[in-house]
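Engineer: I'd like to go over a predicted model; first the sequence, then the structure.
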Amino acid sequence: MRSVETLVGGEWVAAGSGEWIDVQNPADLRTPAFRVPALAPDEVTRAYDHAERGFAGWRRTNPLARAAVLTGASALLRERAGAIAEDIATENGKTRAEAHGETLKAADFLEYYALLVGRGGYGTLLNDVRPDTRTSAQQEPIGVVLAVTPWNDPLITPARKLAPALAAGNAVVLKPAGETPVSGLHLARALHDAGLPAGVLGVVTGRTARIGSALLGDARIAAVTFTGSNEVGDRLRTEFAARNIRFQGELGGKNASVVLADADLPKAARTVAAASFGQAGQRCTATSRVVVERSVAEEFTRLLLAEVARIEPGAPLAAGTGMGPLASPRHRDGVLGHIEGAVKRGATVLAGGDVPADGDLAHGCYVRPTVLGDVTADFAVWREEVFGPVVALCAVDSFEEAVAAVNDSGFGLAAAVFTQDLTAAHRFADEAECGQIAVNLTTPGWDVHHPFGGFHASGSPFKEQGTEALHFYTRVKTVAIHYGA
Ligand code: NAD
């Protein structure tokens, strides 16, 4: 087991109490893989003390100098990608290839916002009815940002938040998920090694039940960016609204892929399999519902099952593994519970539905890729987020019925349509009530410069990624200067 210290006030520290929290390897639960400090509430408050001081200097640092730190950190992530990917795969369970891709994309986030902020402007000049008056709107950082992140993309999610927040001149307190704190600490180390001044970033590892009040209650929090479950996100949204603190929430999804009768069916099957079972379905944008036009339902199902049969669950770091384990025993049990519930209601298991028989995998949180048929819209597995390698199929009779099925959900994160008909593609893009729309593409997989975020219960008014993200991390000040006599 490796001990990984956390970053507070520019120092790598253990908890003052000497207490640690074990981090499991979901591929083999017998021995913990890492341990991280279990900070106490007063140590969390200290992270805010440092962040407050760090912000005072960082906001005045020239944006080009801030950009240089981010660019340096990006280069370090690329240089260290092999080792970082191993740690991501070890604490999260995704495959080495997935973890490597995640590391490079985290580097892209840093590089993108370094360019955007370093080489861009910070406001606009405006006309003014008053003569000899120059008026401008300038964007300023907002202060200390609390970033709370989940376990499923343990490096990208912090990078997606920290890159725009820091580039814009804010300080950040990062609270990574308890299951996967080591990935976020790699990001912190890259930023620290690239010269991020002390205090501008603090990483708080600890037990949420113990440090929750110190973490959420600090009066110096200017904004909260949260990615995670609706259960926690909705609670935080209400709490911070009452304190007039801006809140960005990236929450759950129940993403549908629609296969129309004219689609290229082999391509649709290949793409849906990737969208549903990449990262063992543990992506907020993963396809978990497939709505297929009845005339091609049988053929599409046959092709999809052939694709699924090729996905081999295995150890994350082993060569040739197609899908790793789920992130924790609790999560695996929840996913198996969803499958069991669907079967009890009459769903047919067309593939998977159970844990692999392979003895080598017996100590990990594995679930075989699962396809369920005979599911209707009132099944929990059709309505609730499963967040695992489970996809349910439902046949419809028309484009209109398909769009209605997509929109018959409290969520609104991502949706895809497979068709060769331009009109159907454009109508789908206009009518689907989701923040991310894909045509003949996977529901996940958006570049760093693509605005990202869900509608309805999946999100909040602030998008992440691209130039949109900077709206959340900045405030606008309007300045009028009269220079006449
Ligand atoms: P979670 O809500 O359980 O935890 C998210 C984070 O909140 C973790 O860091 C956790 O420790 C912290 N947390 C939990 N309770 C807290 C409390 N009382 N006070 C302060 N912090 C608290 O979510 P999870 O299980 O880690 O992640 C899976 C969820 O994340 C899924 O619902 C998934 O859809 C969602 N997600 C959404 C997106 C998106 O962009 N929409 C992306 C990835 C994941």
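Structural biologist: On my side now, so go ahead.
Engineer: CA atoms for contacts and neighbours, from now on please.
Structural biologist: OK.
Engineer: find the centremost residue of the protein, please.
Structural biologist: Nearest to the centroid of the C-alpha atoms of the chain, with distances taken as C-alpha atoms, centre = their mean, sits residue 157, at 4.6 Å.
Engineer: can you pull out the low-pLDDT segments for the stretch 151-300 of the chain?
Structural biologist: In the predicted model of the stretch 151-300 of the chain, no residue satisfies pLDDT under 70.
Engineer: with adjacent residues omitted, what lies nearest to the residue nearest to the centre of the chain?
Structural biologist: Distance criterion C-alpha to C-alpha, 6 or more residues apart in numbering; nearest residue to residue 157, sequence neighbours excluded, is residue 149 at 6.4 Å.
Engineer: what is the neighbour count of that neighbour?
Structural biologist: 26 (other C-alpha atoms under 10 Å).
Engineer: what's the distance between it and residue 424?
Structural biologist: 37 Å (C-alpha to C-alpha, to the nearest Å).
Engineer: do the same with residue 221
Structural biologist: Between residue 221 and residue 424 the computed distance is 46 Å (C-alpha to C-alpha).
Engineer: those two - which one has more neighbours?
Structural biologist: residue 221 (23 against 16).
Engineer: for the stretch 151-300 of the chain, just list every one of the helices.
Structural biologist: 156-167, 181-193, 208-217, 230-242, 265-277, 294-309 (DSSP state H, counting those that start in this stretch).
Engineer: can I get the ones you listed in a markdown table with distance to the ligand?
Structural biologist: Formatted as a markdown table, the helices of the stretch 151-300 of the chain follow (distance: least, C-alpha to the nearest ligand atom, whole Å):
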| stretch | distance to the ligand |
| --- | --- |
| helix 156-167 | 7 |
| helix 181-193 | 9 |
| helix 208-217 | 5 |
| helix 230-242 | 5 |
| helix 265-277 | 13 |
| helix 294-309 | 22 |
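Engineer: residue 484 - nearest residue in space that isn't next to it in sequence?
Structural biologist: Distance criterion C-alpha to C-alpha, 6+ apart; nearest residue to residue 484, sequence neighbours excluded, is residue 132 at 5.1 Å.
Engineer: tell me the contacts of the one you found?
Structural biologist: Contacts for residue 132 (C-alpha atoms under 8 Å, 6 or more residues apart in numbering) come out as 482, 483, 484.
Engineer: which residues of the stretch 51-200 of the chain lie near the ligand?
Structural biologist: Contact residues (C-alpha under 6 Å from any ligand atom) of the stretch 51-200 of the chain with the ligand: 148, 149, 150, 151, 175, 176, 177, 178.
Engineer: which residue does the stretch 1-150 of the chain have closest to the ligand?
Structural biologist: residue 150 (3.4 Å; C-alpha to the nearest ligand atom).
Engineer: and the gap between that residue and residue 157?
Structural biologist: 8 Å.
Engineer: next: residue 205.
Structural biologist: From residue 205 to residue 157 the distance is 16 Å (C-alpha to C-alpha).
Engineer: correct me, but residue 19 touches residue 40?
Structural biologist: No. With contact defined as C-alpha atoms under 8 Å, residue 19 and residue 40 do not form a contacting pair (9.2 Å).
Engineer: who has more neighbours out of these two?
Structural biologist: residue 40 (20 against 14).
Engineer: show me the contacts for the closest residue to the more buried one other than its chain neighbours.
Structural biologist: Nearest non-adjacent residue to residue 40, counting by C-alpha to C-alpha, 6+ apart: residue 211, 6.4 Å away. For residue 211, the contacting residues are 39, 40, 41, 44, by C-alpha under 8 Å, 6+ apart.
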